[in-house]
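[1] Any chance you can model this:
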Amino acid sequence: SPGQLDAVLSDLGPLCEMQTADDVAFWIGALINPLPALGAAREIRAFLLEASSPALRVECVRRALEESIGRMREQPPGPIEVE
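    Below is the predicted model:
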């Protein structure tokens, strides 16, 4: 819905305040999997909570972002262009 992404960003606060790889992975996970869902990335919240290390969490986020960007590139041109 209009303004949903702005609201999510406002709720999360700035990424620059994150101190660890875990913090960044959870922040990005919350950004790409908000409630209600944006439908822009596959659901990763459960994996982030179950992962046994920060490296696994970061890898999960990286893969989800790559998949999402790949799907966006396959879409017809619209108001948001992905380079």
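[2] what ranges do the helices span in this protein?
    For the chain, helices defined by DSSP state H occupy the ranges 4-12, 21-32, 45-50, 54-74.
[3] Mind listing residues that contact the second one?
    Spelled out, that is helix 21-32. If you take Cβ atoms under 8 Å, 6 or more residues apart in numbering as the criterion, helix 21-32 is touched by 8-9, 12, 15, 18, 38, 40-41, 44-45, 48, 54-55, 57-58, 60-61, 64-65, 68. No exception for glycine: its C-beta is placed from N, CA and C like everyone else's.
[4] Let's see that with 10 Å instead.
    Residues outside helix 21-32 that contact it (Cβ atoms under 10 Å, 6 or more residues apart in numbering): 5, 8-9, 11-15, 17-18, 20, 38, 40-45, 47-49, 51, 53-62, 64-65, 68.
[5] Okay, now the unreliable bits of the protein?
    1, 78-83 (pLDDT under 70).
[6] Can you tell me which residue sits nearest the middle of it?
    Taking Cα atoms, centre = their mean as the criterion, I32 is the residue nearest the geometric centre of the chain, at 2.7 Å.
[7] roughly how far apart are that residue and G70?
    Separation of I32 from G70 (Cβ to Cβ, to the nearest Å) stands at 14 Å.
[8] Same check on P2?
    From P2 across to G70, the span is 25 Å (Cβ to Cβ).
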